[in-house]
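Asks: How does the following fold in three dimensions:
(one chain, ligands or ions: 1)
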Amino acid sequence: MQAVILVGGFGTRLRPLTFTTPKPLLPIANVRQLEHLIASLGSAGVTRAVLALGFKPEPFFQAFPDGSCAGVELHYAVEPEPLDTAGAIGFAARDAGIDSTFIVMNGDILSDVDLSALVAFHRSKGAEGTLHLTPVDDPSQYGVVETDGEGWVRRFVEKPQPGETDSRVINAGTYVLEPSVLDRMPPMQRLSIERAVFPAMVADGRLAAMATDDYWIDTGRPDTYLKANLDLIDGTRSLILSSVGPNAHVAATASVTRSVIGEGARVEGGSVLVDSVVLPGAQVGPAVRLERSLVMGTVGEGASLVDCVVGADGVVPARAQLVAAKVPDPATMG
Ligand code: GTP
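Replies: Next up, the predicted model:
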């Protein structure tokens, strides 16, 4: 089976980290997010993953120079212009010659859903498409999905007001699709799968959905990207990964609590890290305090950062005291 992974977005909400590294190539507990996704696809029998690329394709070519990842063959489909989700899926699937049932994944989710079970459910329904759904505590910020008792989607309710729907499940960003869905995606047309294609399939009674309460997280925001990292080192998930990457230097007098240190990063003596991620290549100077922060650049001696994001080009001066800051500030950049 083949899978299309959507990896062509701008990753605006994760700036400044995504100024230099596309979101799917950012590590989650020292493994690139895309590798987590492709490994889960491989375990479900996917042999070829089609990367629907647009913005910044080159880092993807460099990341996987032999054209494979986690034992899965890669195919790169590079859009000439951003085509939105449905346009991108149509472009990538045609580019790769997909002509049988396939899986689609958003490149910015992590989940423990059993993909083989999702495919089996899709086939048992004889659906044209099947969504994976996940429950949320507060659905008011999401597109909520209503299903009937038999697993068919009845309605989408975007950002519901209190009382508008009883449903608490949202589109989890993984789909199983029949190739006939491509007929609903005119070539080279900018189109959203969530807003245009799925509602049309619901109108035809052809869209099924399977809800599970497996671990699921959308890593697209700084707070959720941080949580996705910490969940993989603190035992929240069944998989526990190492919190310190290869060739990282952590001084013996640094105190590191529930934090990830990326490949080749340096954390100098007397620094205190709590619930933070120091990304590959970052430099954390002596006596720095990091709390709930993401650092890709350089933090000077004695600085204190709480809820901050420092991009690869970011330099925090010595003894700076920052709260909820982005360095450099994306608002002041093009
Ligand atoms: P933000 O800019 O922070 O909203 O992130 P994003 O650009 O990734 O957008 P969003 O999270 O809504 O996108 C969902 C998924 O679709 C992500 O995996 C994106 O990489 C991908 N995506 C969004 N738009 C496009 C597009 O035009 N082309 C391609 N190939 N992928 C896209």
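Asks: So Val274 sits against Leu290, correct?
Replies: Yes. Look at Val274 against Leu290 with Cβ atoms under 8 Å: they come within range, at 7.0 Å. In this view, the C-beta of every residue, glycine as well, is placed from N, C-alpha and C.
Asks: Next, the closest residue to Ala325 other than its chain neighbours: phi, psi?
Replies: Leaving aside its chain neighbours, Ala325 sits nearest to Cys308 (4.9 Å; criterion: Cβ to Cβ, 6 or more residues apart in numbering). Reported as degrees, to the nearest 10, the phi and psi values for Cys308 are phi -110, psi 160.
Asks: Quick check: Cys308 touching Leu294?
Replies: Yes. When contacts are counted by Cβ under 8 Å, Cys308 is listed as touching Leu294 (7.5 Å).
Asks: show me what contacts the residue nearest to Ala325?
Replies: By Cβ atoms under 8 Å, 6 or more residues apart in numbering, Cys308 lies in contact with Leu290, Ser293, Leu294, Val295, Val316, Leu322, Val323, Ala324, Ala325, Lys326, Val327.
Asks: okay but Met210 is in contact with Ser116, surely?
Replies: No. In terms of Cβ under 8 Å, Met210 does not count as a neighbour of Ser116; the distance is 11.9 Å.
Asks: So which of the two has more stuff around it?
Replies: Met210 (24 against 12; other Cβ atoms under 10 Å).
Asks: quick one: what helix or strand has the more buried one in it?
Replies: strand 207-211 (DSSP states H and E).
Asks: quick one: the helix or strand that comes right after that strand near the ligand?
Replies: On the C-terminal side of strand 207-211, the nearest following helix or strand under DSSP H and E is strand 216-218. No. Using Cβ under 6 Å from any ligand atom as the criterion, no contacts between strand 216-218 and the ligand are found, and the smallest distance is 7.6 Å.
Asks: mind listing what strand 216-218 pairs with, with the direction of each?
Replies: In the sheet, strand 216-218 lines up against strand 109-111 (antiparallel) (DSSP bridges).
Asks: model confidence over the strand it pairs with, on average?
Replies: The average pLDDT within strand 109-111 is 96.
Asks: hmm, who's touching that strand?
Replies: Contacts of strand 109-111 from elsewhere in the structure, counted by Cβ under 8 Å, 6+ apart, are 28, 33, 36-37, 40, 132, 134, 172-174, 214-219, 228.
Asks: Cool, thanks, talk later.
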